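Trainee: Make a model of this:
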Amino acid sequence: MPAFSSVQLTAFATDLFLAAGMDADKAASVARLLVLTDSMGRRTHGLAMAPLYLADIAKGGMALTGQPEVVKDTGATLVWDGNYLPGLWLMDQAITLAVERAARLGVVTMAIRRSHHIGCLAALVKQAADQGFIALISNSEPSARRVAPYGGVQPLFTPNPMAMGYPAGDSPVLVDICASITTTSMTRQKLAAGEQFEHPWLLDGQGQPTRDPAVLEHAEPRGSLQLLGGQEYGHKGFGLALMTEALSQGLSGQGRADQPARWGGNVFLQVLDPEFFAGGEAFTRQTSYFAEQCRSSTPIRPEQPVRIPGDQAAQHIARAQAQGLAFDAATWDRLQGWAQQLKVAVPEERGLR
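Mentor: Okay, here's the model as predicted:
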């Protein structure tokens, strides 16, 4: 597959969303963050999501114009109703606002209900960490059920991802995890490729561990994703999931109790300015020191040195800038299909600059 520059891909994705009827500022924001996600190496949540977004737009599932409704604003806390506007744009707006207020107030906390899909959380917290702030995000999808509670069989909630980004010297630390061992996107990717998981990271409809991704989509009764910790310590993943449910749905005042049917998410966002604590310089002195301690740790395998979360993303971004980004045939075919349908020009391979 040919490789394209991030500038080409961002322009291409922006044109796709504009052709689908999205406001220009929203299209540009969504495109930029999807391409950043690909550049970071999180390929399941980059432009591979664009065909899914466009399909949901065609069904009327994503709002394309307008602004979030301010449900409550106390200055240091805010609640937004996202009205199913593009999740990446909503998060871009929310982080910009939270950073601006945190610079005045120290800590700003937001809860957002009825956002559309917010993509890769690591790419979002990076927006604040790059500016010297700490950002925490928790996200749930009240309309979906893919993970069972610990000890149970019936799936009741989603992987409920959570992320933290903070400055630590040359590149920020970007922690991006979820309450399940694997994700819905990875399971669907394995299923489409006809592959089994390397380990039994799912449960079948009877609650038995399995490597087969089909149990999540095609089995009856449906299976579920295993919680972080697996059969022995899944109570830990269950606890993380409950924390996310409370922060994203309880604080926003909307969630599973309302039985929503649309694809979307609820979000908890908190941004902190280290200057209001011991100071930004003191913060990065500590975080940089410990990051280097971890990197210097003797590795179990000499060919695999210890990495800090965020190191690999920084390496991928540098490689993407130098070499461009290529896509697997299936993803590129889907993007080309939407380009043809929406009458959008597909970028041509050219020298990277």
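Trainee: which residues does residue 51 contact?
Mentor: Going by Cβ atoms under 8 Å, 6 or more residues apart in numbering, residue 51 touches 334-335, 337-338. Just so you know, the C-beta spots here come from the backbone N, C-alpha and C atoms, and that holds for glycine as well.
Trainee: Which of those ranks first by neighbour count?
Mentor: Of the contacts of residue 51, residue 335 is surrounded by the most neighbours, 22 neighbours in total, counting by other Cβ atoms under 10 Å.
Trainee: Am I right that that residue is in contact with residue 327?
Mentor: Yes - contact criterion Cβ atoms under 8 Å: residue 335 and residue 327 qualify, at 7.3 Å.
Trainee: Tell me the residues that contact both of these two, please.
Mentor: Residues touching both residue 335 and residue 327 by Cβ under 8 Å, 6+ apart: residue 47.
Trainee: would you list the contacts of residue 51 in CSV and tack on distance to residue 161 and secondary structure?
Mentor: CSV is the format used below for the contacts of residue 51 (distance: Cβ to Cβ, whole Å; DSSP: H, G, I helix; E, B strand; the rest coil):
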residue, distance to residue 161, secondary structure
334, 23, helix
335, 24, helix
337, 28, helix
338, 26, helix
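Trainee: What is the nearest of those residues to residue 305?
Mentor: Set against residue 305, the nearest of the contacts of residue 51 by Cβ to Cβ is residue 335 (35.3 Å).
Trainee: can you give me the helices for the stretch 201-350 of the chain?
Mentor: Secondary structure of the stretch 201-350 of the chain (DSSP state H, counting those that start in this stretch): helices at 230-245, 280-295, 311-323, 329-342.
Trainee: cool, the stretch 51-200 of the chain as well?
Mentor: Here the stretch 51-200 of the chain has its helices, by DSSP H, counting those that start in this stretch, at 87-105, 121-129, 184-193.
Trainee: If we go by neighbour counts, what in the first one is buried?
Mentor: Meaning helix 87-105. 87-95, 97-99, 101-103, 105 (16 or more other Cβ atoms under 10 Å).
Trainee: Can you give the contact residues for that helix?
Mentor: Helix 87-105 is contacted by residues 25-26, 29-30, 33-34, 68, 75-76, 78, 80, 82, 108, 110, 112, 115-119, 124, 127-128, 131, 133, 135, 137, 264-265, 267, 269-273, 275-276 when judged by Cβ under 8 Å, 6+ apart.
Trainee: Buried ones among these?
Mentor: Buried among the contacts of helix 87-105 (16+ other Cβ under 10 Å): 26, 29-30, 33-34, 68, 78, 80, 82, 108, 110, 112, 115-119, 124, 127-128, 131, 133, 135, 137, 264-265, 267, 269-273, 275.
Trainee: from those, which ones fall inside strands?
Mentor: Mapping the buried ones among the contacts of helix 87-105 onto strands (DSSP state E) picks out 78, 80, 108, 110, 112, 115, 135, 137, 265, 267, 269-272.
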